[in-house]
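K.L.:
sequence below, structure please.
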Amino acid sequence: MLVCSFAFQGIAEEKQGTVVSLSAEATAEVPNDEVVVNFRVEERGKKLDALRKRVNQMSASIKQSLAKEKGVKLKTSSRRVNPVWKPNQYNSVREGWVVVQSATITSKHLDDVPRWLNIIEHAGAKLQNLSFRVSDTLRRNTQEKLRIQAIQQFRIKAVTVSKALDATSFSIRHLNTGNSHSPPPVHRREVVMMSKSRNAAPALSLGDSRITVSVNGDIVVEQTIFKVD
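P.N.:
Residues are numbered from 1 along each chain as shown. Okay, here's the model as predicted:
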């Protein structure tokens, strides 16, 4: 007895019609509208109490200065106190301490970034990272618009498939949506950053972020019987 089976990817026939799996997506390049600055206050030495005091003073000075800035959110992300060990012939000997307090600045006032960096540097803190991103509000608004576009593209594909199967209508069995975004190397405009050296003024690009909304699901197309010659 010979048994033959044929499979067509994405299409399966059921009693109520032909089930077709489809997917679509919509993508947009969105200008970054938020900056994130990570910095740390670090002191090394032998007297732990003195180190803690200096770190507290520098952190308080930065907090006080940034409190005067409009639209700045300052958050302490971590603080640690670690011993510094010096190896010798037999074992390790503690020769001092290191106290580190890290913080993050978040804001939509991008043109003021150079002034914040100047505040951080003059207080004795060290810049760890600076990045631009799309704010939560802008991302959600963009995703809602893209979701509508993706669903429209899904319907266009469904119409095309239905016509190819000589069907006059279709219904949607289920529909799923998903979101993703990433910062591609797309340059938009630049901000001149201040540094300790007046002659060195590096330029940083704010860039754009790519936001994508995908849609996938199944449609049911009314079943058509095709004649085979």
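
K.L.:
tell me, how many residues neighbour the closest residue to G124 other than its chain neighbours?
P.N.:
Sequence neighbours aside, M58 is the residue nearest to G124 in space, at 5.2 Å (criterion: CB to CB, 6 or more residues apart in numbering). For every residue, glycine as well, the C-beta is placed using N, CA and C. When neighbours are defined as other CB atoms under 10 Å, M58 has 18 of them.

K.L.:
helix, strand or coil for M58?
P.N.:
helix (DSSP: H, G, I helix; E, B strand; the rest coil).

K.L.:
which ones are touching it?
P.N.:
Neighbouring residues of M58 by CB atoms under 8 Å, 6 or more residues apart in numbering: V41, A123, G124, A125.

K.L.:
quick check, the second one in contact with K63.
P.N.:
No - in this structure A123 lies outside contact range of K63 using CB atoms under 8 Å: 9.7 Å.

K.L.:
between these two, which one's more packed in?
P.N.:
A123 (19 against 13).

K.L.:
before we move on, back to that, check what pLDDT the residue nearest to G124 gets.
P.N.:
M58 is assigned a predicted lDDT (pLDDT) of 95.

K.L.:
tell me the secondary structure for K68?
P.N.:
The three-state label given to K68 by three-state DSSP is coil.

K.L.:
ok, now V55?
P.N.:
State at V55, reduced to three classes by three-state DSSP: helix.
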